[in-house]
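>>> Please find the sequence and the predicted model below.
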Amino acid sequence: MVQLQALSQRNFLNTADLTLQEIQQLIELALKLKQGQSQASLAGKTLATLFFNPSVRTRVSFATAMFKLGGQALDISSEGAWAFEYRDNIVMNGATIEHVKEVAPVLSRYCDGIAIRCSELVTKSAESAKVGAWETAKQDIVLKSFAKYATVPVINMESNVYHPCQGLGDAVTIKEKLGQTQGKKYVLSWAYHPKALPMATPNSQMLAACDLGMDVVVAHPEGWELDPEILAVAQRRAEQSGGRFSISHDQDEALEGAQIVCAKSWGALKYYGQWEKEKELRVQHQDWIIDESKLQLTDQAHVMHCLPVRRNVEISEGVLDGPQSIVIDEAENRMWAQMALLATLL
Amino acid sequence: MVQLQALSQRNFLNTADLTLQEIQQLIELALKLKQGQSQASLAGKTLATLFFNPSVRTRVSFATAMFKLGGQALDISSEGAWAFEYRDNIVMNGATIEHVKEVAPVLSRYCDGIAIRCSELVTKSAESAKVGAWETAKQDIVLKSFAKYATVPVINMESNVYHPCQGLGDAVTIKEKLGQTQGKKYVLSWAYHPKALPMATPNSQMLAACDLGMDVVVAHPEGWELDPEILAVAQRRAEQSGGRFSISHDQDEALEGAQIVCAKSWGALKYYGQWEKEKELRVQHQDWIIDESKLQLTDQAHVMHCLPVRRNVEISEGVLDGPQSIVIDEAENRMWAQMALLATLL
Amino acid sequence: MVQLQALSQRNFLNTADLTLQEIQQLIELALKLKQGQSQASLAGKTLATLFFNPSVRTRVSFATAMFKLGGQALDISSEGAWAFEYRDNIVMNGATIEHVKEVAPVLSRYCDGIAIRCSELVTKSAESAKVGAWETAKQDIVLKSFAKYATVPVINMESNVYHPCQGLGDAVTIKEKLGQTQGKKYVLSWAYHPKALPMATPNSQMLAACDLGMDVVVAHPEGWELDPEILAVAQRRAEQSGGRFSISHDQDEALEGAQIVCAKSWGALKYYGQWEKEKELRVQHQDWIIDESKLQLTDQAHVMHCLPVRRNVEISEGVLDGPQSIVIDEAENRMWAQMALLATLL
């Protein structure tokens, strides 16, 4: 862990804030922790977790990660209405009862880290139902404000833009399954889902795969393009790692020869704020499912999904229950990846 | 604990799934733990607790049981809407967002045990308000599905049919108070209550008493018969343990010579799904209360109740606050019984 | 800690229940714990926390205090509807499902302490909207009933009348900042706030300052007098500690020469139950804010606030973000004060 000292006391908001080497070292530490070959201790330390959106996997995996390290995760999500204020120079005589300028430093005095989930698309449909709302959502005001005013590391448990713990956990899983990743084909394949889902997870899954030197293909129907700025970062990271990055609108072509297929649904950024319109178009793509016939096109690919998964909608039951599915291992590795992260940051 | 090794990594869904000898050994271990004569450790281990119905006693007793053993209970009850899917071969394009086939194995990777409370009569009145609904409820789909797909022990914290932790805790209490239990008289006495209550607790209380070789009498008004299949199991267990089992509709007669009286209310299975009708009949039995005069009929009986108890409705204030009440000890012993169970299973 | 043995297993409902010497010893222990000069252990012990009103700071500071001592705080606030019964000799055939006579002793068997927040003004507006309601609220039925029936220490995390943990934490902070406190000037200054707030915090802040031998001035507009019985206790404690106690309706005059200024809003006791009327009068006092010009009147005073604070309403942004504000230290010291308390009581 000598090399990881540079990460100590830093925030973890996006995998792309770390160097490729730091990502590699975290992956190695996670796998060592999983194999029982590394000891780390956070005895007596507390990670405060704040979920503005609920989550089973993320909450349990952070709680067990902290506990296995001798610390505790303290979930404070149900406390009050979270009517926090984030604006400067505001006369607080309205609905907000506490400013992040107080909450973040106070939690920093009690706790050794603060982990936050705040994803607008899921929760605040009214706010996301505006044209141009993405530009606002993209600022990740809640996460960034906590990061600004906290004096302990802040960990992103999924914001509007990134879900770096999922990205890191996926990278651990790919490394575990493939060993050498250089040049191997990874396909992030858009999947149909009855609801428009946030883009944070596919953004971070794509970025993490680009860090591994893989031949990364993001496949989706036309109109479901991810944010161009983030695509540019993916392209740059792929180049740095000696990998490749491309986009495809032909799922079959993309899947050919793939060694990893990660299915994931997301809403169309193009129609952010016009979700009725988006839905009309989305339902035309119900054939974007990973099933047995699609899997035939790949090179015996391992099938990934961040969960929860809609059975027989995103992925067929046969594939999910078959030998190529690694979704349970992928979920488990969230815990080992987060243990490595917590042991390093805190 | 050598003899209990056969229970390691097994589920605990119903006391009657265990042999009489295993039950005896768990009782002895619980009493040793209470007396500080046994050490057991679950250091670093996590028990996930899922309450589909809330509970103070069960949650706190599991949390302290795990903590005293060096582990933690992680309550994930408030996470999301629990819109889990339990059906096979379903196209998940509706309200359910996650299948038990994923949730159970993923929790199994993070945690060392899963404890579940899911009691339909309490929560889903719409579903229980159908004639024939008992046959469906009796399948305990939620508990059984978790038990099927989890790869760590699943503990029943009360299902539609059984509440084995209450049964085991009661058995520990009876043993603690009476010492030798063979042939002593135990009366499970139905009590009036303004609401129809689930049958899981009386089922498990009755079964546990039958395991102790006691003269077990279940007393209730006509019409409040418990499920005949479970009565048959009680009969069989009583025979195996060298005890006796009978049913009485005459409370006074039943109480004569009793050394343990356990008061408990439950709804009439006969009118499951016809709760209005049940209520009309139930209010005619408000004299089914354990009060000072009833207690005179017994052989200085200890008075038990699983709590919460309706004062002056199920049991009189004088009895509850008097020297024969052991309801607080009984609640405490839930913790010691569960410690024995957790130390054995996990 | 030899001298603090008299506090072992006692309740902590009000700072004024302790001797001046006991308060001093708790302050010293808190500062030693903060400096790492004292070790205390509550290994394996559990503090149950019950919040009838939510709180971030109190919950997190108790959870981290227990964890740093090797124990756990177990929050059971979200369990059920808390329809507890507190009345004697009641036939419980209505809405309440459990009597405090059972809940308190049962929790005492599972846990080593019970901490309760129950503040009526905040939650039960219907009940507090009656003339004469203060006399009922002042009885603190919930807290007092738990204290009566529990067999382990009960800690007041804010009742209708007192918030002694805030008082103790503030005393630790004053001692930490001033060193010698004798004769120094402390001003508790009423502040405007859009809502009528409870009086428990200012009551306990005032009492704690009086224990330190300070020249204590409570400044507020006419009509916002605190309860006369509690004022009498403040007067008596000030005399015992060799300090002084007075009330002022002139904020500027009060602030002159102050070394500590604690801003706090509260509702007018005089109009308890007539909150519309109270609000009409309260809005006339929006100039009761601690800003830069007010601070000029003091002797370089440290500025305190219990948080959450309404920025630019109770205290100006410039003061809060300036070098004289010690509100974050004050919040932190809640944790150390409570650690001292828990280590002593449990």
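Looks like it came in fine.
>>> Please spell out which residues along stretch A:308-325 are buried.
A:308-317, A:319-320, A:325 (16 or more other CB atoms under 10 Å in any protein chain shown). C-betas here are computed from N, CA, C, even on glycine.
>>> Keep only those of those that are in helices.
A:317, A:319, A:320 (DSSP state H).
>>> ok, and which of those residues reach chain B?
A:317, A:320 (CB under 8 Å from any CB of the partner chain).
>>> which residues does residue A:315 contact?
Contacts for residue A:315 (CB atoms under 8 Å, 6 or more residues apart in numbering or on different chains) come out as A:191, A:263, A:289, A:290, A:291, A:303, A:305, A:309, A:325.
>>> Nearest spatial neighbour of the last one, chain-adjacent residues omitted?
Of all residues beyond its chain neighbours, the one nearest residue A:325 is residue A:303 (4.9 Å), with distances taken as CB to CB, 6 or more residues apart in numbering or on different chains.
>>> surely the one you found meets residue A:329?
No. With contacts counted by CB atoms under 8 Å, residue A:303 stays clear of residue A:329, the gap being 11.0 Å.
>>> These two: who's more crowded?
residue A:303 (24 against 17; other CB atoms under 10 Å in any protein chain shown).
>>> and that one, what does it touch?
A:261, A:262, A:263, A:290, A:295, A:315, A:319, A:320, A:324, A:325, A:326, A:327.
>>> what's the closest of these to residue A:175?
residue A:326 (12.2 Å; CB to CB).
>>> Could you check how far the closest one is from residue C:178?
61 Å (CB to CB, to the nearest Å).
>>> quick one: which of these two has more around it?
The neighbour comparison of residue A:326 against residue C:178 (other CB under 10 Å) goes to residue A:326, with 21 against 16.
>>> So that one sits against residue A:170, correct?
No. Taking CB under 8 Å as the definition, residue A:326 is not a contact partner of residue A:170, at 10.2 Å.
>>> shared neighbours, these two?
residue A:304.
>>> Show me which residues of chain A sit near chain C.
A:44, A:46, A:48, A:72, A:74, A:76, A:78-80, A:85, A:88-94, A:97-99, A:101-103, A:105-107, A:109-111.
>>> hmm, back to that, just checking, which of the contacts of residue A:303 belong to strands?
A:261, A:262, A:263 (DSSP state E).
>>> Name only those of those that count as buried.
Buried, going by 16+ other CB under 10 Å: A:261, A:262, A:263, out of the ones in strands among the contacts of residue A:303.
>>> Kindly reformat those residues as JSON lines and extend each row with distance to residue B:245 and pLDDT.
Below are those laid out as JSON lines (distance: CB to CB, whole Å; pLDDT from 0 to 100):
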{"residue": "A:261", "distance to residue B:245": "59", "pLDDT": "98"}
{"residue": "A:262", "distance to residue B:245": "58", "pLDDT": "98"}
{"residue": "A:263", "distance to residue B:245": "56", "pLDDT": "98"}
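>>> how about JSON lines for those residues, with distance to residue C:28 added?
What follows is these, written out as JSON lines (distance: CB to CB, whole Å):
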{"residue": "A:261", "distance to residue C:28": "64"}
{"residue": "A:262", "distance to residue C:28": "58"}
{"residue": "A:263", "distance to residue C:28": "61"}
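>>> just those now: which is nearest chain B?
When those are compared for distance to chain B (CB to the nearest CB), residue A:263 wins out at 13.3 Å.
>>> Return the residues in contact with residue A:173.
By CB under 8 Å, 6+ apart, the contact list for residue A:173 reads A:304, A:326, A:329, A:330, A:333.
>>> what number of residues lie near the last one?
Think residue A:333. The burial count for residue A:333: 27, using other CB under 10 Å.
>>> and it, what is it in contact with?
A:30, A:34, A:169, A:170, A:172, A:173, A:176.
>>> got JSON lines for those, with distance to residue B:267 and pLDDT too?
Formatted as JSON lines, the contacts of residue A:333 follow (distance: CB to CB, whole Å; pLDDT from 0 to 100):
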{"residue": "A:30", "distance to residue B:267": "51", "pLDDT": "97"}
{"residue": "A:34", "distance to residue B:267": "49", "pLDDT": "97"}
{"residue": "A:169", "distance to residue B:267": "46", "pLDDT": "98"}
{"residue": "A:170", "distance to residue B:267": "49", "pLDDT": "98"}
{"residue": "A:172", "distance to residue B:267": "51", "pLDDT": "98"}
{"residue": "A:173", "distance to residue B:267": "49", "pLDDT": "98"}
{"residue": "A:176", "distance to residue B:267": "52", "pLDDT": "98"}
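>>> Let's see which of these end up in helices.
Using DSSP H, these in helices are A:30, A:34, A:169, A:170, A:172, A:173, A:176.
>>> and the gap between the last one and residue C:32?
Right, the one you point to is residue A:176. Distance from residue A:176 to residue C:32, by CB to CB: 48 Å.
>>> For the contacts of residue A:333, which two are the farthest from each other?
A:34 and A:170, at 14.6 Å, using CB to CB across the contacts of residue A:333.
>>> returning to what we had before: out of the contacts of residue A:333, flag the one nearest to residue A:52.
Ranked by distance to residue A:52 (CB to CB), the contacts of residue A:333 are led by residue A:169 at 20.8 Å.
>>> Next up, the contacts around the closest one.
A:330, A:331, A:333, A:334, A:336, A:337, A:338.
>>> Out of these, which comes closest to chain C?
residue A:338 (19.1 Å).
>>> Of residue A:34 and residue A:170, which one has the most company?
residue A:170 (29 against 18).
>>> Quick check: the more buried one touching residue A:330?
Yes. In this structure residue A:170 lies within contact range of residue A:330 using CB under 8 Å: 6.4 Å.
>>> Overlap of the contact sets of those two?
A:304, A:306.
>>> Quick check: the gap between the residue nearest the centre of chain A and chain B.
In chain A, the centroid-proximal residue (CA atoms, centre = their mean) is residue A:163; its distance is 2.3 Å. Separation of residue A:163 from chain B (CB to the nearest CB, to the nearest Å): 17 Å.
>>> what do you get for residue A:235?
Residue A:235 is 33 Å from chain B, by CB to the nearest CB.
>>> so what's that residue closest to, chain neighbours aside?
residue A:245 (4.9 Å).
>>> Which positions in the one helix or strand the one you found maps to come out as buried?
Residue A:245 belongs to strand A:244-248 when assigned by DSSP states H and E. For strand A:244-248, a neighbour-count test (16+ other CB under 10 Å) marks A:244, A:245, A:247 as buried.
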